[in-house]
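> With the sequence up front, the predicted model follows.
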Amino acid sequence: MGIDFFDFKREIAAEGAEILAALEKALRSGRYILGEEGARFEERFAGVCGCRHALGVASGTDALFLVLKAWGVGQGDEVITVANTFAATALAIAYTGATPVFVDIAPDSHLIDPRCIEAAITRKTKAIIPVHLYGQCADMDAIMAIADRHGVAVLEDACQAHGALYRGRQAGGLGHAAAFSFYPTKNLGAYGDAGAITTNDADLDGRLRLLRNYGQTDRYHHVIKGYNSRLDELQAALLNAKLKRFMDWTARRQEVARRYDEHLAGINLIPLRLEEGSTHVYHQYVITVPERDALQEHLKSRGIATLIHYPVPLHRQAAFGDARVVGDLRQTELRAAQILSLPVHPWLKDQEVDQIIGAVLDFVRR
Ligand SMILES: Cc1ncc(COP(=O)(O)O)c(C=O)c1O
């Protein structure tokens, strides 16, 4: 039997009854946009992130874009981020008219190198977007110190880090604002597109509530040119139902990761390092190996699905030819050729994890 990278069939088999009940309740409510389910989810998700405010939007991409818009980022401005991320991080910057500025990642992790941020700051820099890639938070204390020194805003891209801790504090409450995605495969996933923004800044929350809803204060009264980007009631109901279980699923991801760590740490060029009080929520379990392509082929021949997050860094993509690149992005490029994501979803069985470990070790010892 093959092993899929993600398995929705198992998720539905395990959780289907509760999910269907939540959907039916929302369907019968007769209200599908900005209703009770969304408000309930916002309150609960703010709690998950240890934040005063959370607001639902249509996707993680919109969450990033709307925060930048609310901060007034636009043409002529620069926003610093990494090139080893999903394209949406930089697309959101580009949508505002600002220029993405790509800096390198640290030599011993997959995360932005704070030393490279300092070197990239100019008078045009308006914001920094650290990406909590794979489910581990970037070095936020160092990043916030740099941001404070230069008076720039920090937007966490927490689209892969629901529930992750950084030195005892939750992702989403570490910067000035954070963006989350509930794309179906995320650790907390909807069954369609959905996203959220978290912040402790009440003014920002207020502006974002206008921006996501056509700039309306009251129905048909528009004070700014806003957008249509709401979390709909059906997705909010699903998320409310899943929220009860999502930390259990995270714990299962962490258990699978521990099993991998135990057997594969020796072959991983970038083994995980966590600060005291920090956790990894394993949206992806990534190993860094010299013969990545051959290993991926070998696993495929054994029926094991793997993915690469991400094979082409954004500064090498035609779409971002007009971005600014600071430094040679040596670590980013090295990593892109060596990373491989193994299945880590909560529905994996121990025996499947052992099968994957066995297949990797067979390749290494061949
Ligand atoms: C790091 C990162 N940023 C942004 C996004 C965009 O989120 P969405 O797909 O919900 O627009 C994603 C996920 O897809 C992501 O993984």
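In hand now; what should we look at?
> Only C-alpha atoms from now on, for both contacts and neighbour counts.
Noted.
> Distance from the lengthiest helix in the chain to the middle of the chain?
In the chain, ranked by residue count with DSSP state H as the criterion, the top helix is helix 8-29. Computed by Cα atoms, centre = their mean, to the nearest Å, the chain-centroid distance of helix 8-29 equals 24 Å.
> now swap in stretch 259-269 and tell me
With Cα atoms, centre = their mean, you get 24 Å for stretch 259-269.
> Next: stretch 241-256.
The chain centre lies 16 Å from the centre of stretch 241-256; the measure is Cα atoms, centre = their mean.
> now do stretch 114-130
Chain-centre distance of stretch 114-130: 20 Å, with Cα atoms, centre = their mean.
> Which positions within that stretch qualify as buried?
114, 116-118, 120-121, 125-130 (16 or more other Cα atoms under 10 Å).
> Can you show me the CA trace of it as PDB?
Output of stretch 114-130 as PDB, limited to C-alpha atoms (Å, rounded to 0.1, in the frame of the first residue of the first chain):
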ATOM      1  CA  PRO A 114      18.200  38.500  11.500                       C
ATOM      2  CA  ARG A 115      21.700  39.600  10.700                       C
ATOM      3  CA  CYS A 116      20.700  39.700   7.000                       C
ATOM      4  CA  ILE A 117      17.600  41.900   7.800                       C
ATOM      5  CA  GLU A 118      19.700  44.600   9.400                       C
ATOM      6  CA  ALA A 119      21.900  44.800   6.200                       C
ATOM      7  CA  ALA A 120      18.800  45.100   4.000                       C
ATOM      8  CA  ILE A 121      17.000  48.000   5.800                       C
ATOM      9  CA  THR A 122      16.900  51.300   3.800                       C
ATOM     10  CA  ARG A 123      14.800  54.500   4.100                       C
ATOM     11  CA  LYS A 124      12.200  52.700   2.000                       C
ATOM     12  CA  THR A 125      11.700  49.800   4.300                       C
ATOM     13  CA  LYS A 126       8.200  49.800   5.800                       C
ATOM     14  CA  ALA A 127       7.800  46.200   7.100                       C
ATOM     15  CA  ILE A 128       9.500  42.900   7.700                       C
ATOM     16  CA  ILE A 129       7.700  39.600   7.100                       C
ATOM     17  CA  PRO A 130       9.400  36.700   8.900                       C
END
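> Just confirm yes or no for it near the ligand.
No. Using Cα under 6 Å from any ligand atom, stretch 114-130 stays clear of the ligand, with a minimum separation of 9.5 Å.
> For the remainder of this discussion, apply numbering that starts at 855.
Sure thing, new numbering starts at 855, so read that last one as stretch 968-984.
> Contact partners for the closest residue to residue 938 other than its chain neighbours?
Spatially, and ignoring its direct neighbours in sequence, residue 938 is nearest to residue 1167 (5.2 Å; Cα to Cα, 6 or more residues apart in numbering). Contact analysis of residue 1167 by Cα atoms under 8 Å, 6 or more residues apart in numbering lists 937-939, 1186-1187, 1190.
> so what are the domain limits for the protein?
Following automatic domain parsing, one gets these domains for the chain: 862-957+965-1097, 1100-1218.
> Deepest in the core, which of those domains is it.
Mean neighbours per residue, mean count of other Cα atoms under 10 Å, is largest over these for domain 862-957+965-1097, with a mean of 21.
> quick one: it to chain centroid distance?
Per Cα atoms, centre = their mean, the centroid offset for domain 862-957+965-1097 relative to its chain is 9 Å.
> Let's see the distance spanning it from one end to the other.
17 Å (Cα to Cα, to the nearest Å).
> Check stretch 1018-1031 too.
15 Å.
> So is it next to the ligand?
No. Stretch 1018-1031 does not reach the ligand (Cα under 6 Å from any ligand atom); its nearest approach is 13.1 Å.
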